[in-house]
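A.B. asks: Here is my input; please provide its structure:
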Amino acid sequence: MASYLGLVDLADYEHLVDTLGSESAKYLRQDFFSRLQEWPRPDDKTRILKNQRFLVIFKGMDTPAALELATAKLARLFEEPCDLLGDPVAIPIHAGFTLLEDDTQTAIQEARAALRSAKRSSTLYQLYSPEQQGRLKDEVQLISNLEAAVELGELQLYYQPKVHARHNNLVGAEALVRWHTKNRKVLEPSHFIDAAERHQVIRPMTWWAIKSAVATMAQWSPELGISVNITPSLLMDDEVLTVVRDALDIFSVTPSRLTLEVTENIMADNQQVMLAQLAKLRKIGVRVSIDDFGTGYSSLAYFRDLPADELKIDKNFVVKMLGSPKDQSIAKTVIELAHNFSLKVVAEGVESKAVAVRLKEMGCDILQGHYYDQPLPLSEFDKRYKPNQQ
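C.D. replies: I've put the predicted structure just below:
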């Protein structure tokens, strides 16, 4: 008779260590495994695996209805947060299940694929399907190719100009990664960035991007700056401070010329830790930009002390603003709010002269979008804008 095999994972344990401290994270992990002891039935098999992972085999359970009852119990076990010295902290878990018929090792691989799917979809659990295996194989191949691309120099930074709204002169550029594949395709980040984040390839990619952008700035006029995007997971890592300091020192670039762009939703979790990390970067002298502003759920409670230098209005509010009074009102509100806190405002997604003129009238500081230019390879950007002669 078939059974269900499941894997339950304590999500992002290293992140928990960084945010809670090693002792609190260890206590939370103990609570995680303690609660799981109450989950299986007496005849079920269990085992604790590496990396904060729990394996269970539900003997004789082979119907979706029975599995639903088991997952409902799992959810109930983790409804209550863990009490860390009086502070309630949720225990983040995900699970993956598959039918175990003969080969346990194959079933474990399938449960892992389902577990990864649960993490990607931010759901409690996923049940393995053959389609997941196909996606898994595709992703494994993508990551293998991407790791090779980093080593072989197939990644390039393209530069999109940023223009002063009032004076209409070049003030810098945003660095955007492009992957020049072996079959001569040029892939934008939407094709690979999510997978890179899931498999930590994002780390070497981002360190390379920062170093490359700083090296480029060393060749440009000192009045011009470059912005580089960084994911929240890397912002939590103090290594970013070392990478930035070393690059600026090696190429003798003024820190304020480098801007790190982070999305507004970084404040959704661990707000105090994120604010502290942003403050450390600004202490070095690096500028911080809050990207896609207006799409998150940040409150004004943290805004007063936000360690940032600029806000970027999300392009979704800019592209259609002339035909949408609501979008135009949002853009105007962001500009006024930012200026009240002495922050610069960048509008991305500027696609026409009319939009550029309206943003200028509203007091926006810097404009970026295809109306001015698309992202360009460095050689083309240098040829067109002559940034070393500004």
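A.B. asks: E380 in helix, strand or coil?
C.D. replies: Of the three states, E380 takes helix under DSSP: H, G, I helix; E, B strand; the rest coil.
A.B. asks: give the contact list for F54.
C.D. replies: Applying Cβ atoms under 8 Å, 6 or more residues apart in numbering to F54 gives the contacts 7-9, 33, 36, 46-48. The way it works is simple: take the backbone N, C-alpha and C, and place the C-beta from them, glycine included.
A.B. asks: gap between it and G6?
C.D. replies: Applying Cβ to Cβ, to the nearest Å, the value for F54 to G6 is 8 Å.
A.B. asks: Point out where the stretch 201-350 of the chain drops to low pLDDT.
C.D. replies: Residues of the stretch 201-350 of the chain meeting the criterion pLDDT under 70: 264-271, 294-303.
A.B. asks: Show me where it has its helices.
C.D. replies: 202-219, 232-235, 239-251, 271-284, 300-303, 315-319, 325-340 (DSSP state H, counting those that start in this stretch).
A.B. asks: ok, now the stretch 51-200 of the chain?
C.D. replies: Remark: helices assigned in the stretch 51-200 of the chain by DSSP H, counting those that start in this stretch are 64-77, 104-121, 130-152, 193-198.
A.B. asks: Serialize these to JSON lines and add fields for mean neighbour count, mean pLDDT and distance to L275.
C.D. replies: What follows is the helices of the stretch 51-200 of the chain, written out as JSON lines (neighbours: other Cβ atoms under 10 Å; pLDDT from 0 to 100; distance: least, Cβ to Cβ, whole Å):
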{"stretch": "helix 64-77", "mean neighbour count": "14", "mean pLDDT": "92", "distance to L275": "32"}
{"stretch": "helix 104-121", "mean neighbour count": "19", "mean pLDDT": "86", "distance to L275": "26"}
{"stretch": "helix 130-152", "mean neighbour count": "14", "mean pLDDT": "79", "distance to L275": "31"}
{"stretch": "helix 193-198", "mean neighbour count": "17", "mean pLDDT": "83", "distance to L275": "22"}
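A.B. asks: Grab the nearest non-local neighbour of G369.
C.D. replies: Leaving aside its sequence neighbours, G369 sits nearest to V350 (Cβ to Cβ, 6 or more residues apart in numbering; 3.2 Å).
A.B. asks: From R198, how far off is that neighbour?
C.D. replies: Remark: distance between V350 and R198 (Cβ to Cβ) = 32 Å.
A.B. asks: Ok, E14 next?
C.D. replies: For E14, the distance to R198 - Cβ to Cβ - is 14 Å.
A.B. asks: K73 now?
C.D. replies: Distance from K73 to R198, by Cβ to Cβ: 28 Å.
A.B. asks: and of the helices of the stretch 51-200 of the chain, who's closest to H339?
C.D. replies: Taking Cβ to Cβ, helix 193-198 is the member of the helices of the stretch 51-200 of the chain nearest to H339, at 31.7 Å.
A.B. asks: coming back round to it: turn the helices of the stretch 201-350 of the chain into CSV, columns for mean neighbour count and distance to A113.
C.D. replies: Formatted as CSV, the helices of the stretch 201-350 of the chain follow (neighbours: other Cβ atoms under 10 Å; distance: least, Cβ to Cβ, whole Å):
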stretch, mean neighbour count, distance to A113
helix 202-219, 20, 21
helix 232-235, 19, 22
helix 239-251, 16, 30
helix 271-284, 16, 31
helix 300-303, 12, 38
helix 315-319, 20, 33
helix 325-340, 16, 41
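A.B. asks: F293 is nearest to which of those helices?
C.D. replies: Here helix 325-340 is closest among those (Cβ to Cβ), at 6.0 Å.
A.B. asks: for the closest one, packing partners?
C.D. replies: strand 310-313, helix 315-319, strand 344-348, helix 353-362 (3 or more Cβ pairs under 8 Å, 6 or more residues apart in numbering; DSSP states H and E).
A.B. asks: redo that, cut-off 10 Å
C.D. replies: Secondary-structure packing of helix 325-340 (3 or more Cβ pairs under 10 Å, 6 or more residues apart in numbering; DSSP states H and E): strand 287-293, helix 300-303, strand 310-313, helix 315-319, strand 344-348, helix 353-362.
A.B. asks: Please put the alpha-carbon coordinates of the fourth one into PDB.
C.D. replies: Extracted C-alpha coordinates of helix 315-319, given in PDB (Å, rounded to 0.1, in the frame of the first residue of the first chain):
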ATOM      1  CA  LYS A 315       6.800  53.200 -13.400                       C
ATOM      2  CA  ASN A 316       3.200  51.800 -13.200                       C
ATOM      3  CA  PHE A 317       2.100  55.200 -11.900                       C
ATOM      4  CA  VAL A 318       4.200  57.100 -14.400                       C
ATOM      5  CA  VAL A 319       3.400  55.400 -17.700                       C
END
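A.B. asks: per-residue confidence for the residue nearest to K182 when sequence neighbours are not counted?
C.D. replies: Of all residues not flanking K182 in the chain, E154 sits nearest, at 7.4 Å (Cβ to Cβ, 6+ apart). For E154, the pLDDT comes out at 95.
A.B. asks: Tell me the spacing between E154 and G349.
C.D. replies: In this view, E154 and G349 are 28 Å apart by Cβ to Cβ.
A.B. asks: neighbour-wise, which of those two wins?
C.D. replies: G349 (20 against 16; other Cβ atoms under 10 Å).
A.B. asks: picking that back up, go through the contacts of F54 and name the one nearest L343.
C.D. replies: Closest to L343 out of the contacts of F54 is D9 (39.2 Å), distances taken as Cβ to Cβ.
A.B. asks: Cheers, nothing more for now.
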